[in-house]
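J.: Need coordinates for the following:
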Amino acid sequence: GVVPLLNECLGSAPEWPSAIIDAVHQRSLSHAMWELRHQQVLSRLMATLTKTGVTPRVFKGSALAYGLYANPVWRTRSDTDILVASNNLSECRATFDTLGFTRLAALPGDQVSNEESWVVGGSEGSTHVIDLHQTLSNSKPLARLFPHDSLRKTASPLPALCPGALAPSRVDAMLIACMHRAVQATSPV
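T.: Here you go, the predicted structure:
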């Protein structure tokens, strides 16, 4: 997950073998092409959701890519996580359907998971997955740590992604990352 960052640094490291520099550069170009298409997918999705009255918050990897990194390509990831209020699920699902997304199979019921994965393919063969969350954690006690109203009040804009895109504040983002890391360390999937 650090190939684009390595590519950025190798420009000032001519002592590396040219075969490695070339391979890293080619992989970085592939990441950059995916990111360009992913940004288009996300921008269209966010704009369409906003028009329906839904205020999604982008969190985890994509929020970091567009909120902290000078170049979002440097924060590699395979999906984007967005958070919406439970009462907005029907609008979200209709929007995903309208934009050509397909919902991936999952176990039914909010007692199992508060997340849905949706995928859309790009015309050039790329795949883009959006994880639609109703809460930040499937653990009910942990999910209560970050109520929607609190996250909405402290949300930060992500203008590098698209107008109107929001992410948790940097403090909330750090706490969310620590929570997810702790859950993964104690309950690996």
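J.: can we go C-alpha only for contacts and neighbour counts from here?
T.: Fine.
J.: Quick one: the strands in the chain, in order.
T.: 57-59, 79-83, 102-103, 115-121, 127-133, 156-157, 166-167 (DSSP state E).
J.: Which single helix of this structure contains the most residues?
T.: For the chain, the helix reaching the highest residue count under DSSP state H is reported as helix 18-51.
J.: that older thread, mean neighbour count, distance to His31 and mean pLDDT for the strands of the chain - can I get that in TSV?
T.: Putting the strands of the chain into TSV (neighbours: other CA atoms under 10 Å; distance: least, CA to CA, whole Å; pLDDT from 0 to 100) gives the following:
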stretch	mean neighbour count	distance to His31	mean pLDDT
strand 57-59	26	20	93
strand 79-83	21	13	95
strand 102-103	16	23	96
strand 115-121	18	16	94
strand 127-133	20	12	96
strand 156-157	20	24	92
strand 166-167	26	23	93
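J.: Can you add distance to Ala19 and give these back as CSV?
T.: CSV is the format used below for the strands of the chain (distance: least, CA to CA, whole Å):
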stretch, distance to Ala19
strand 57-59, 36
strand 79-83, 30
strand 102-103, 40
strand 115-121, 32
strand 127-133, 28
strand 156-157, 40
strand 166-167, 39
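J.: What is the lowest-mean-pLDDT helix or strand in the chain packed up against?
T.: Ranked by mean pLDDT, DSSP states H and E, the helix or strand of the chain with the weakest confidence is helix 140-143, at a mean of 80. For helix 140-143, not one helix or strand is in contact under the criterion 3 or more CA pairs under 8 Å, 6 or more residues apart in numbering; DSSP states H and E.
J.: now the longest helix of the chain against strand 115-121, angle please.
T.: For the pair helix 18-51 and strand 115-121, the angle between their directions (axes from the mean of the first three to the mean of the last three CA atoms, to 10 degrees) equals 110 degrees.
J.: quick one: buried residues of helix 18-51?
T.: Neighbour counts over helix 18-51 (16 or more other CA atoms under 10 Å) mark 21, 24-25, 28, 31-32, 34-35, 37-39, 41-43, 45-49 as buried.
J.: out of the strands of the chain, which comes closest to Ala70?
T.: Using CA to CA as the measure, strand 156-157 is the one of these that comes nearest Ala70, at 15.3 Å.
J.: Parallel or antiparallel, list what pairs with that closest one.
T.: Using DSSP bridges, strand 156-157 pairs in its sheet with strand 166-167 (antiparallel).
J.: I'm done for today, thanks for sticking with me.
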